[in-house]
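Build me a model from this:
(one chain, ligands or ions: 2)
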Amino acid sequence: MVKATVMALAALLALSALLLRLASGDDLSSVPNPAAGGGRAAQPAPVPPAIPGSGASASAQGQAAAQPVRSANQAAAPVLYTYKVVHEYVHDPDAFTQGLEYDTDCSSGACKDVFWESTGMYGQSSVREVELATGAVLREKALAHADFGEGLVKVDGRLLQLTWKSGKAYWYQTGNFNVAQTTKTPLGDGWGATFDNATNSIVLSDGSPNLSFVDPSTLALRRNVQVTDQGSPVGNLNELEAIDGEIWANIWITDCIARVDPQSGVVKSWLVLDGLHTSLRAKNLAGSHPMDVLNGIAYDPATKRIFVTGKYWPRLYQIEPVLAAAQPTAEQLAQLRSKCISPPMPQ
Ligand SMILES: *[C@@H]1O[C@H](CO)[C@@H](O)[C@H](O)[C@H]1NC(C)=O
Ligand SMILES: *[C@@H]1O[C@H](CO)[C@@H](O)[C@H](O)[C@H]1NC(C)=O
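Numbers count the residues shown, from 1 in each chain. Ligands and ions are numbered 1, 2, ... in the order given. Take a look at the predicted model:
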């Protein structure tokens, strides 16, 4: 009965989202399909799902708030975090960030903080080394026009870069970006990638609610875990970062990061970066492309610094989570879900 009600509500949510998209003149072929990642390139900046006061979030919230209270045997409610900006850095506004990895580069004598960055879009995709302090692109290699760069991870001194809508991936030598090997992941699509030291696995996302743990040298699939928020699947998992025993997943087209227990897939907490995107957009620093969504989480375990940026964002931020609600109310949870979990689209 409860399940039927939840399913009916999910269907209603999906339907209302669809109608809103139709009403706003969206081309339905560009509606994101979590399984296929459809429309991600063609529609890089869809209707923001959670602009306060928009019809979309108001109606979604209204319906989500009516959800029945979940029974006690389900996973504990996620803890809610907001954030504070610790430091702001320049970021190439023409980088459609798809993968971001912190590193220390000591190759030229003095060590410096750098990022390995993967950029996407056909004809603009690249793998880069970027200086944290200045945002300067130190080195860059363009991908072939047929490749759309995606998640990036450094493992055993090499970089693995995924490509969108394809299981194809590249291993590079960090020193010169020469392709050491062209390979295949076990997934049909490539979105995010990180390295989980605890299980010595690369963790991959493909836009579905699954995190896939693969062997770091052969990329053979070891296990999938479905990411859930109190039992409900969380789709559109995008850029990933392993941070102190959790997997942080950027949820595509939202300002939200799910902090996931890698064993169970349970979202233990949500980090909501409300306002970061909109306040940056208001500064009018964009390059030759309008700013797109949040994407890119990087971590320096030695200093515990957490960095985030987005696609075509002119800035990169060091942020710190700030506890917002250890035991959120039903209303806070409903509000969170309406902005962080995209309603499933009808099949
Ligand atoms: C990674 O795992 C190894 C072996 O389990 C451990 O010795 C090492 O401290 C871990 N490193 C980090 C950064 O957690
Ligand atoms: C998610 O993982 C499960 C379990 O391995 C698998 O059956 C399912 O096909 C996966 N779903 C997707 C969309 O990859």
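
List the contacts of the residue nearest to residue 191 when sequence neighbours are not counted.
Of all residues not flanking residue 191 in the chain, residue 205 sits nearest, at 4.6 Å (Cβ to Cβ, 6 or more residues apart in numbering). Heads up, the C-betas are built off the backbone N, CA and C, glycines and all. Going by Cβ atoms under 8 Å, 6 or more residues apart in numbering, residue 205 touches 151, 191-193, 211-212, 237-240, 249.

Just send those residues back as a markdown table, with secondary structure, neighbour count and pLDDT too.
Converted to a markdown table, these look like this (DSSP: H, G, I helix; E, B strand; the rest coil; neighbours: other Cβ atoms under 10 Å; pLDDT from 0 to 100):
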| residue | secondary structure | neighbour count | pLDDT |
| --- | --- | --- | --- |
| 151 | strand | 32 | 97 |
| 191 | coil | 28 | 96 |
| 192 | strand | 31 | 97 |
| 193 | strand | 30 | 98 |
| 211 | strand | 25 | 98 |
| 212 | strand | 21 | 98 |
| 237 | strand | 27 | 97 |
| 238 | strand | 27 | 96 |
| 239 | strand | 32 | 97 |
| 240 | strand | 28 | 98 |
| 249 | strand | 28 | 98 |
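
how about stretch 95-113: buried residues?
95-103, 105, 112-113 (16 or more other Cβ atoms under 10 Å).

let me redo that: stretch 204-217
Buried-residue list, stretch 204-217, by 16+ other Cβ under 10 Å: 204-214, 216.

Which ones among those residues map onto strands?
204-205, 210-214 (DSSP state E).

which among those residues are in contact with ligand 2?
Among those, the ones lying near ligand 2 by Cβ under 6 Å from any ligand atom are residue 210.

between the ones in strands among the buried residues of stretch 204-217, which is closest to residue 231?
Among these, residue 210 lies closest to residue 231 (Cβ to Cβ), at 15.6 Å.

Name whatever forms a beta bridge with that closest one.
residue 226 (DSSP bridges).

give me every residue that touches it.
Residue 210 neighbours (Cβ under 8 Å, 6+ apart): 224-227, 237.

Show me where the stretch 51-200 of the chain has its strands.
Taking DSSP state E, counting those that start in this stretch, the strands of the stretch 51-200 of the chain run over residues 79-90, 97-105, 112-119, 126-131, 137-142, 149-155, 158-163, 168-173, 179-184, 192-196.

From the structure, what's the count of residues near residue 158?
16 (other Cβ atoms under 10 Å).

With residue 199 instead?
15.

who's in contact with the closest residue to it other than its chain neighbours?
Once flanking residues are discounted, residue 199 sits nearest to residue 213: 6.2 Å by Cβ to Cβ, 6+ apart. Residue 213 makes contact with 196, 199, 201-203, 221-225, 262 under the criterion Cβ under 8 Å, 6+ apart.

Filter those residues down to the buried ones, PyMOL style.
Here is the PyMOL selection string for the buried members of these, based on 16+ other Cβ under 10 Å:
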select buried, resi 196+201+202+203+224+225+262
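
Pull up the residues of this protein that are close to ligand 2.
For the chain, the residues in contact with ligand 2 (Cβ under 6 Å from any ligand atom) are 35, 208, 210, 224, 226.

now do 8 Å
34-35, 187, 206, 208-210, 212, 223-226 (Cβ under 8 Å from any ligand atom).

ok, of the residues you listed, which one's closest to residue 130?
Using Cβ to Cβ as the measure, the one of those that approaches residue 130 most closely is residue 206, at 25.4 Å.

Where does the prediction get shaky in the stretch 51-200 of the chain?
51-74 (pLDDT under 70).

Now stretch 326-334 - C-alpha only, CSV.
Extracted in CSV, the C-alpha atoms of stretch 326-334 (Å, rounded to 0.1, in the frame of the first residue of the first chain):
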residue,chain,number,x,y,z
ALA,A,326,21.7,16.2,11.6
GLN,A,327,18.1,15.0,11.8
PRO,A,328,16.2,16.8,9.1
THR,A,329,12.5,17.2,9.3
ALA,A,330,10.2,15.6,6.7
GLU,A,331,9.7,19.0,5.1
GLN,A,332,13.5,19.6,4.8
LEU,A,333,13.9,16.1,3.3
ALA,A,334,11.1,16.7,0.8
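
could you give me the average pLDDT of that stretch?
Taken as a whole, stretch 326-334 has a mean pLDDT of 96.

in it, what counts as buried?
328, 333-334.

Show only the entries of those found in helices.
Within the buried residues of stretch 326-334, membership in helices is found for 333-334, as judged by DSSP state H.

Sounds good, over and out.
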